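Peer 1: Mind folding the following:
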Amino acid sequence: MSLLERVEAGEGHQEIEQGKRLIRAADDRGIRLAQRLAFRLRRLAWHGPGLRLRGRQPLRLVAVPKDPIAGDKLAGEALLHGMVAHGREKLKIEDLDFGDTSLSPAMVDYLHSFAWLRDLAAAATREKGARLAEKITHRWLDLHAGRPDDRSWRPDLWGQRILFWTAYAPYILSSRDPAYRSALLNALARGARFLEGRADQAAPGLARVTSWAGLVASALLLQGGSPRLGHAETGFARALAGALHDDGGLVSRSPAQQLALVELLSQLRTVYYAGARQMPEVVQEALAGSVAALLAVVMGDEALSSWQGGNMLSRRRVIAAVEGSAVQARPLRQARGWGYQRLAARGSVLIFDGAPPPPARVFAGGSASTLAFEFSDGPDRLVVNCGGAGLWAGTLPPQLVHALRFTAAHSTLTLGDRNSTAILEDGSLGRGVSQVLISRSETGGIARVEGNHDGYVKRFGLVHERELTLSPDGAELRGEDNLMPHGRKRRPGRPVPFAVRFHLGPGVEVTSTADGQGALLRLRDTGAWQFRCRGGALAIEDSLWVDGNGRPLSTFQLVISGEAPPDGMNISWLFRRAA
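Peer 2: Residues are numbered from 1 along each chain as shown. Model (predicted):
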């Protein structure tokens, strides 16, 4: 039984409380100025007397936790063959320079966090992998252990480094060289002291949670670290409270970050176990909630749906994270701040964005995707968003990375060829969607979600409302996009061009019907679907989809277009599985 079959067993027998929920966008006024001032203060203090790194060196680790997350065996085998392989990037170990400024941000984080130890352990025993791991670690210590800098000493990287160094101590701390062992243990202690004063200077959200998690781990696992445990747990709880909605989803609304959060909290669970301490209830609740929120954005192929600049990543990583969490949870169904509504029936899975974009203070890559959806039939992705570069933003043209955040890159409606939330030239989000009204019901096996947003009200005087209905057998998806007048119209009497886009998944073959109001969609594994629409002219256009390694693939899109009068209109459409 697959991961989704296990977590969704019995899902259709529960009734969902009917009613509407209003989700408002967070207020970011003044945030950017405050961030600039805070950054300048941090730079002034970086090498000042407040940076207390000297202190007693631990002689050993109190305990060695087990990493519950399975690594990537292929990446580990590449390491054994002298190559660092991360996503689409490859680097010869003999050419490895931790100070190389030409490396992509994703590769920098992978190397400096020591996440590669997880992959190495998936491919090699301690005896086989220790020599290589110690060689690379020695190189990092020589360059960075005694020289704090903005890049390698980021608080979140130190948080990850402490977690990975302690979990894989058998690989990097078995050397008989006393100087090397002493340097590594001293670096661990210096990193912990650094986090004591700097964890809260990490960016709010996942980065800050990661920083405090590393400090908690140091308190539980380093000799002499226990006095800092109370301070570390208090800071960690505070960071969690600022990073998570009460439904378990991150404020960033990024599925890729949500996956990383589940991995992080799972690691911390085993740290508490190794340290013979009970994990605080707030952390247990955060882990359970984060797993449920993660499962809510998993498609039928058991990989992530594509939102907020991210892509599907890999099925293997999602499964490893859920299994490693040791949490038995069903997908979150009544999302609030997390915003992603999930409808599922007989192998069909629909994920709907029912919230405003994330605030800029916690996530810089927010997308104008409100009321978009993705839809899969078993392992086949039928309707998708174009996706995002994710970790590999540096490998795609900046113009493409920027365009992937547009409303038109998502399967939803656009008015006047505008984004529902403005994306400014500097990459930040401007005016647009400030609130979303959501209503969901599930009765008699029929799942329905309805939402509207105000992103086009000020410019065009129209509210966009979308209603999606999934049949009990998962073989029919009905949709309506309504444009309703609201408030004062800026240009009364003038129709506004609209386009309703359905980006099709990779490998979907599409053929237009004779009457021009429908299409036949052939999938690779699960047969075919029929599409019909009313309210506009249907066209088949080129599109693209970014895969889990950040590679853009050519696809198609269905586009219903026309002009909306000032008093609004209705566009209806239907996907039906072909007999």
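Peer 1: From now on I want contacts and neighbour counts done on CA atoms only, so please keep to that.
Peer 2: Noted.
Peer 1: Return the alpha-carbon coordinates of the helix or strand hosting Ala85 using CSV.
Peer 2: Taking DSSP states H and E as the definition, one finds Ala85 inside strand 83-86. The C-alpha coordinates for strand 83-86 follow below in CSV (Å, rounded to 0.1, in the frame of the first residue of the first chain):
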residue,chain,number,x,y,z
MET,A,83,31.8,13.6,-7.0
VAL,A,84,29.4,15.9,-5.0
ALA,A,85,26.1,15.6,-6.8
HIS,A,86,23.2,17.9,-5.6
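Peer 1: what's that strand in contact with?
Peer 2: Outside strand 83-86, the residues within contact range by Cα atoms under 8 Å, 6 or more residues apart in numbering are 75, 78-79, 90-93, 107, 110.
Peer 1: Generate a ChimeraX selection restricted to the buried entries among these.
Peer 2: Selecting only the buried entries of the contacts of strand 83-86 in ChimeraX, with 16 or more other Cα atoms under 10 Å as the criterion:
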select :75,78,79,91,93,107,110
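Peer 1: Mind listing what's buried along the longest strand anywhere in the chain?
Peer 2: Of all segments of type strand in the chain, defined using DSSP state E, the longest is strand 552-564. Buried positions in strand 552-564, judged by neighbour count with 16+ other Cα under 10 Å: 552, 555-564.
Peer 1: Who are the packing partners of it?
Peer 2: Contacts defined by 3 or more Cα pairs under 8 Å, 6 or more residues apart in numbering; DSSP states H and E place strand 552-564 against strand 496-504, strand 537-546.
Peer 1: State the paired neighbours of the shortest one in the sheet, together with their directions.
Peer 2: Based on DSSP bridges, the strands next to strand 496-504 in the sheet, each with its direction, are strand 380-384 (antiparallel), strand 413-415 (antiparallel), strand 552-564 (antiparallel).
Peer 1: Ok, which of those strands comes nearest Leu391?
Peer 2: Ranking the strands paired with strand 496-504 by their distance to Leu391 (criterion: Cα to Cα) puts strand 552-564 first, at 13.8 Å.
Peer 1: hang on, the earlier thing: what's the closest of the buried residues of strand 552-564 to Arg315?
Peer 2: In terms of Cα to Cα, no member of those lies closer to Arg315 than Pro552, at 18.2 Å.
Peer 1: so who does the closest residue to Met83 other than its chain neighbours touch?
Peer 2: Counting by Cα to Cα, 6 or more residues apart in numbering, the nearest residue to Met83 once its immediate chain neighbours are dropped is Lys92, at 4.6 Å. Residues near Lys92 by Cα under 8 Å, 6+ apart: 82-84.
Peer 1: Show the low-confidence segments of the stretch 351-500 of the chain, by residue range.
Peer 2: Within the stretch 351-500 of the chain, the stretches with pLDDT under 70 are 487-493.
Peer 1: Next, count neighbours for the residue nearest to Gly347 when sequence neighbours are not counted.
Peer 2: Counting by Cα to Cα, 6+ apart, Gly347 lies nearest to Gly378, which is 4.9 Å off, once chain neighbours are set aside. Gly378: 17 surrounding residues under other Cα atoms under 10 Å.
Peer 1: ok, now how distant is Gly378 from Asp301?
Peer 2: When Cα to Cα, to the nearest Å is applied, the distance between Gly378 and Asp301 equals 7 Å.
Peer 1: again with Ala320
Peer 2: Using Cα to Cα, one obtains 14 Å as the distance from Ala320 to Asp301.
Peer 1: same question, Gln517
Peer 2: Gln517 sits 30 Å away from Asp301, taking Cα to Cα as the criterion.
Peer 1: circling back: Ala320 and Asp301: which is more packed in?
Peer 2: Asp301 (21 against 16).
Peer 1: which phi and psi does that one have?
Peer 2: Main-chain torsions, Asp301, degrees, to the nearest 10: phi -90, psi 10.
Peer 1: can I assume it is in contact with Asp380?
Peer 2: Yes. Proximity of Asp301 to Asp380 meets the contact threshold set by Cα atoms under 8 Å, at 6.7 Å.
Peer 1: Could you give me the buried positions within the helix or strand harbouring Val291?
Peer 2: Using DSSP H and E, Val291 sits within helix 281-295. Taking 16+ other Cα under 10 Å as the neighbour-count basis, helix 281-295 is seen to contain the buried residues 283-284, 286-295.
Peer 1: Report all helices and strands that the helix or strand following that helix contacts.
Peer 2: Later in the chain than helix 281-295, the nearest helix or strand by DSSP H and E is helix 315-325. Applying 3+ Cα pairs under 8 Å, 6+ apart, we find helix 315-325 packed against helix 255-274, helix 281-295.
Peer 1: Go through the ones you listed and name the closest to Thr166.
Peer 2: Each of the helices and strands packed on helix 315-325 was scored for nearness to Thr166 using Cα to Cα, and the closest is helix 255-274 (9.1 Å).
Peer 1: Now for the residue lying closest to Ala286 once chain neighbours are set aside, how many residues are close by?
Peer 2: The shortest distance from Ala286 to any residue other than its chain neighbours is 6.3 Å, reached at Gly248 (Cα to Cα, 6+ apart). Taking other Cα under 10 Å as the neighbour definition, Gly248 ends up with a count of 25.
Peer 1: Make sure Gly248 is indeed in a strand.
Peer 2: No. Residue assignment for Gly248, taken from DSSP: H, G, I helix; E, B strand; the rest coil, gives coil, which places it outside any strand.
Peer 1: contacting residues for it?
Peer 2: If a contact means Cα under 8 Å, 6+ apart, then Gly248 has 286, 288-293, 338 as its contacts.
Peer 1: count of residues packed around Pro398?
Peer 2: Pro398: 12 surrounding residues under other Cα under 10 Å.
Peer 1: distance of the closest residue to Ala237 other than its chain neighbours from Leu80?
Peer 2: In space, and not counting its chain neighbours, Ala237 is closest to Val282: 7.0 Å by Cα to Cα, 6+ apart. Relative to Leu80, Val282 is positioned 40 Å away (Cα to Cα).
Peer 1: Could you do Thr526 as well?
Peer 2: 39 Å.
Peer 1: go on, Ala274?
Peer 2: Ala274 sits at a distance of 29 Å from Leu80 (criterion: Cα to Cα).
Peer 1: next SSE after the lowest-mean-pLDDT helix or strand in the chain?
Peer 2: For the chain, the helix or strand with the lowest mean confidence is helix 31-45, at a mean of 43 (criterion: mean pLDDT, DSSP states H and E). Scanning forward in sequence from helix 31-45, with DSSP H and E defining helices and strands, the next element found is helix 73-80.
Peer 1: where in the protein is pLDDT low?
Peer 2: In the chain, residues with pLDDT under 70: 1-19, 26-59, 487-493.
Peer 1: by how many degrees do the longest strand of the chain and strand 537-546 diverge?
Peer 2: Angle of strand 552-564 versus strand 537-546, following axes from the mean of the first three to the mean of the last three Cα atoms, to 10 degrees, is 150 degrees.
Peer 1: what's next to strand 552-564, contact-wise?
Peer 2: Contacts to strand 552-564, defined as Cα under 8 Å, 6+ apart, come from residues 483, 495-508, 510, 533, 535-547.
Peer 1: which of those count as buried?
Peer 2: Neighbour counting over the contacts of strand 552-564 (16+ other Cα under 10 Å) leaves 483, 495-496, 498-508, 510, 533, 535-536, 538-540, 543-547 as the buried ones.
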